[in-house]
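Participant: What follows is a protein structure lacking sequence information:
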């Protein structure tokens with residue numbers, strides 16, 4: 001059975017994954033896609049690591065803590081990039097990334 005800390009972190013990872021996927025899709029529809037290219041790239045990276053981290057915690061992987069540390073780093077980077085942009089989807093994604101980074105850091109400590 002998963003402990004409460006895992007459950008909270010898994011939830012944060014899944015919410016962040018969803019926010020990154022929404023942001024990724026919306027960025028591709030922006031007028032100046034080239035300007036959003038790094039944001040798009042980090043959205044993909046972040047969504048992927050969040051999914052992987054959630055699966056690692058759900059399966060009680062012996063590497064869950066290390067994966068969560070990496071997830072926190074990537075979420076932080078994605079959040080910092082997203083907050084540079086004025087689009088609402090980027091702002092929401094940044095908030096979700098920072099929440100997930102905090103949850104992953106707590107889980108990994």
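Facilitator: Now that the structure is in, tell me what you want to look at. Worth saying up front: this structure is predicted, and the values here are computed from it rather than measured.
Participant: what helices or strands is the lengthiest helix in the chain leaning on?
Facilitator: For the chain, the helix with the greatest residue count under DSSP state H is helix 4-28. Packing contacts for helix 4-28, counted by 3 or more Cβ pairs under 8 Å, 6 or more residues apart in numbering; DSSP states H and E, involve helix 37-58, helix 64-82, helix 88-108. C-beta coordinates here come from the backbone N, C-alpha and C atoms, glycine included.
Participant: ok, how many other residues are close to residue 27?
Facilitator: Residues lying near residue 27 (other Cβ atoms under 10 Å) number 24.
Participant: Test for you: state the pLDDT assigned to it.
Facilitator: Listed pLDDT for residue 27 reads 94.
Participant: Nearest residue to it in space, please, no chain neighbours.
Facilitator: Leaving aside its sequence neighbours, residue 27 sits nearest to residue 36 (Cβ to Cβ, 6 or more residues apart in numbering; 4.3 Å).
Participant: hang on, that neighbour packs against residue 30?
Facilitator: Yes: using Cβ atoms under 8 Å, residue 36 makes contact with residue 30 at a distance of 5.3 Å.
Participant: Contact partners for residue 12?
Facilitator: By Cβ atoms under 8 Å, 6 or more residues apart in numbering, the contact set of residue 12 is 99, 100, 102, 103, 104.
Participant: Buried among those residues? Need that as a selection in PyMOL.
Facilitator: Filtering the contacts of residue 12 down to the buried ones (16 or more other Cβ atoms under 10 Å) takes a single PyMOL command:
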select buried, resi 99+100+103+104
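Participant: wait, which of the contacts of residue 12 is closest to residue 69?
Facilitator: Relative to residue 69, the closest of the contacts of residue 12 is residue 104; by Cβ to Cβ it sits at 7.1 Å.
Participant: What's the separation between the closest one and residue 97?
Facilitator: 10 Å (Cβ to Cβ, to the nearest Å).
Participant: Kindly report the same for residue 38.
Facilitator: Distance from residue 38 to residue 97, counting by Cβ to Cβ: 14 Å.
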